[in-house]
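In: any chance you can model this:
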Amino acid sequence: MPERLDELRYHGGNLSAARRSFPNAPEPWIDLSTGINPVPYPLGIIAPSAWTKLPEPRGLAELEAAARAAHSAKPSTEIVAAPGTQALIQWLPRVFPARRAGILGFTYGEHEECWRAAGTRSARWKR
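Out: Take a look at the predicted model:
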């Protein structure tokens, strides 16, 4: 059991705390946060312009259409492009205001924190 569970609730990182808490875990550890993954996704060459400008509305619409097609979603299905899951988690309480929220299973710790910060009473259900 972790010495301090709070050390492990933050999204990604703090591998030293995880190793202290679980000294018998198999190696190597794999952190699925792509920003720090020692074996990142193969991206190929990215044009410098990708890092120097914001996407245009047409580019966002093309991205959302590609996501809709990749997931076989109906044309009327709303798709949202975001810079990452963290941004979406922070917006959930604003988009879906609620007095109570249920968080299912083992997931990002930020779900509970974001709902609580919005004044929502939340409960986590484990399987």
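
In: surely residue 122 and residue 98 touch.
Out: No: assessed by C-beta atoms under 8 Å, residue 122 is found out of contact with residue 98, at 9.1 Å. No exception for glycine: its C-beta is placed from N, CA and C like everyone else's.

In: those two: which has the busier surroundings?
Out: A count of neighbours by other C-beta atoms under 10 Å puts residue 122 above the other of residue 122 and residue 98, at 17 against 14.

In: now do the contacts for the more buried one.
Out: Counting by C-beta atoms under 8 Å, 6 or more residues apart in numbering, residue 122 touches 100-103, 111-112, 115-116.

In: if you set the cut-off to 6 Å instead, what comes out?
Out: Contact analysis of residue 122 by C-beta atoms under 6 Å, 6 or more residues apart in numbering lists 101, 103, 112, 115-116.

In: which of those residues fall in strands?
Out: Those of the contacts of residue 122 mapping onto strands are 101, 103, per DSSP state E.

In: can you tell me which of the contacts of residue 122 are buried?
Out: Buried members of the contacts of residue 122, scored by 16 or more other C-beta atoms under 10 Å, are 101, 103, 112, 115.
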